[in-house]
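Participant: Output the structure for:
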Amino acid sequence: MRISQGMTYALAAALVALSARAAFAPRGAALAYGVPIPEGTAPTPYLAVKANRDFVLAALLIVTASASQSILAFALFFGAIAPAADAWIVKRHGNISGTAVHLGTVVFMLGAGALAISGH
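Facilitator: Predicted structure coming up:
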């Protein structure tokens, strides 16, 4: 297994865990995401959408990890758009520490993509 594939499988596992958390513990997931649900209100549909998105991205990453290194690299590069958008959303809501987590994911994905494109 190449380093980029291992990083991709780790990322996919994290996405499955995040998906499960959003589905089964929405308040904690929203707080960890960086946009908490106000007390006294029901969880919003965005959490169900996020749970679905994270699960589908994980599945796509797992399938892509077994493809060619160039396909994996492009999937990681384009997939980094999702956490970049998440960082922007969280920053708009004033959560700087949450923004850093999402940007860290962007860096991780771009790094894994760079390793894939270089054959590692």
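Participant: Phi and psi next, for the closest residue to Pro26 other than its chain neighbours.
Facilitator: Of all residues not flanking Pro26 in the chain, Pro43 sits nearest, at 3.7 Å (Cβ to Cβ, 6 or more residues apart in numbering). Where you see a C-beta, it was placed from the backbone N, CA and C, and this is true even at glycine. Phi and psi for Pro43, reported as degrees, to the nearest 10, are phi -60, psi 140.
Participant: How about Val35?
Facilitator: The phi/psi pair for Val35 (degrees, to the nearest 10) reads phi -130, psi 80.
Participant: I'd say it and Thr99 touch.
Facilitator: No. Applying Cβ atoms under 8 Å as the test, Val35 and Thr99 come out as separate, 10.9 Å apart.
Participant: Can you name the next helix or strand after the helix or strand bottoming out on mean pLDDT in the chain?
Facilitator: In the chain, no helix or strand scores lower on mean pLDDT, DSSP states H and E than helix 26-33, which sits at a mean of 86. Later in the chain than helix 26-33, the nearest helix or strand by DSSP states H and E is helix 45-65.
Participant: Tell me which residues of the very next helix or strand once past that next one come out buried.
Facilitator: The first helix or strand that comes after helix 45-65 along the chain, using DSSP H and E, is helix 69-79. Of all the residues in helix 69-79, those buried under the rule 16 or more other Cβ atoms under 10 Å are Gln69, Leu72, Ala73, Phe74, Ala75, Leu76, Phe77, Gly79.
Participant: quick one: contacts for the fourth one?
Facilitator: It stands for Phe74. The neighbours of Phe74, taking Cβ atoms under 8 Å, 6 or more residues apart in numbering as the test, are Gly113.
Participant: What is the burial count for Gly98?
Facilitator: When neighbours are counted by other Cβ atoms under 10 Å, Gly98 registers 21.
Participant: any idea how far the residue in the chain sticking out farthest from the centre is from Pro83?
Facilitator: Farthest-out residue of the chain from its mean C-alpha position, per Cα atoms, centre = their mean: Gly40, at 28.0 Å. Distance, Gly40 to Pro83, by Cβ to Cβ, to the nearest Å: 30 Å.
Participant: Also Thr99?
Facilitator: As judged by Cβ to Cβ, Thr99 and Pro83 stand 10 Å apart.
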